[in-house]
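Undergrad: Sequence and predicted structure below; questions after.
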Amino acid sequence: GENVEQHPSTLSVQEGDSAVIKCTYSDSASNYFPWYKQELGKGPQLIIDIRSNVGEKKDQRIAVTLNKTAKHFSLHITETQPEDSAVYFCAALYNQGGKLIFGQGTELSVKP
Amino acid sequence: EAGVAQSPRYKIIEKRQSVAFWCNPISGHATLYWYQQILGQGPKLLIQFQNNGVVDDSQLPKDRFSAERLKGVDSTLKIQPAKLEDSAVYLCASSWTGYEQYFGPGTRLTVT
């Protein structure tokens, strides 16, 4: 069945360091992989996404890489700042218009 | 552009009572989703609408949950009767392309 595994569950870094969160998916037909940031008391906010025909995408300090052969994708945050502290979720979409399958979340803490 | 609106933001009810949540998607978004997010987990799809038709309700506990999207815009999710395990955040999301999904702030439900 459809499943997304996310690691680590918690991550603590010093301000200015890089953070990496990794996800694996089970359904080889998945073709869209978004990342969401969720702050306390708020809904998930889409921060970056990647489609299956692209290996890497970057937007300022965040980047996502995708390895379709290995069925895993990763979020990279460089030069972390305290405001990056939040829970991050990866997700996979089976087909356009379908449901998102979410990972379990990673609680990122950036210490000043 | 206004985001997804949800109300109420918080609700506390006793078990066996009923409750309803309201969602107004981003203007022009044909697809609307209701997700349930239990504390410490990623969101899980309950039901998906395309305009005013149901696309996927396979994860909706139909003996107690119901949802409608009359006129293909606003949507209401109802729980009757509520159980303790229904305590969660109920998130509404909408999409125009079928890929990017944008979430509202959610309704935090506590069942006592």
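TA: That came through fine. Numbering: from 1, shown residues only, chains lettered A, B, ... in the order given.
Undergrad: Strands along the chain, start to end?
TA: You didn't pick a chain, so chain A it is. Taking DSSP state E as the criterion, chain A contains strands spanning A:4-7, A:10-14, A:19-25, A:32-38, A:45-51, A:56-59, A:62-67, A:72-77, A:86-93, A:100-102, A:106-111.
Undergrad: if you could check chain B rather than the one you did, that'd help
TA: Under DSSP E, chain B gives strands at B:5-7, B:10-13, B:19-24, B:31-37, B:44-50, B:53-56, B:65-68, B:75-79, B:88-95, B:102-103, B:107-111.
Undergrad: residues near A:N3, how many?
TA: 11 (other C-beta atoms under 10 Å in any protein chain shown). C-beta here means a position set from N, CA and C on the backbone, and glycine is covered the same way.
Undergrad: tell me which parts of chain A are close to chain B?
TA: Along chain A, the residues adjacent to chain B under the rule C-beta under 8 Å from any C-beta of the partner chain are A:4, A:6, A:32, A:34, A:36, A:41-46, A:49, A:51, A:89, A:91, A:93, A:96-100, A:102-105.
Undergrad: Which ChimeraX command selects the buried ones in the residues you listed?
TA: To isolate the buried ones among these in ChimeraX, judged by 16 or more other C-beta atoms under 10 Å in any protein chain shown, type:
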select /A:4,6,32,34,36,43,44,49,89,91,93,97,98,99,100,102,103,104,105
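Undergrad: excluding its backbone neighbours, what's nearest A:E83?
TA: In space, A:E83 comes closest to A:V110 once its chain neighbours are excluded; the distance is 7.9 Å by C-beta to C-beta, 6 or more residues apart in numbering or on different chains.
Undergrad: thinking again about what came up before, can I get the strands of chain A in CSV with distance to B:L32?
TA: What follows is the strands of chain A, written out as CSV (distance: least, C-beta to C-beta, whole Å):
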stretch, distance to B:L32
strand A:4-7, 22
strand A:10-14, 33
strand A:19-25, 24
strand A:32-38, 17
strand A:45-51, 16
strand A:56-59, 27
strand A:62-67, 26
strand A:72-77, 26
strand A:86-93, 16
strand A:100-102, 13
strand A:106-111, 27
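Undergrad: Give me the number of neighbouring residues for A:D27.
TA: Applying other C-beta under 10 Å, we find 16 residues neighbouring A:D27.
Undergrad: Okay, now the unreliable bits of the chain?
TA: No chain was given, so I picked chain A. Applying pLDDT under 70 to chain A flags the ranges A:1, A:96.
Undergrad: I was thinking of chain B, sorry if that wasn't clear
TA: Checking chain B against pLDDT under 70 turns up B:1.
Undergrad: how about the residues of it near chain A?
TA: Contact residues (C-beta under 8 Å from any C-beta) of chain B with chain A: B:4, B:31, B:33, B:40-45, B:48, B:50, B:55-56, B:91, B:93, B:95, B:97-106.
Undergrad: which residues does B:F103 form a beta bridge with?
TA: Note on B:F103: beta-bridge partners by DSSP bridges are B:A93.
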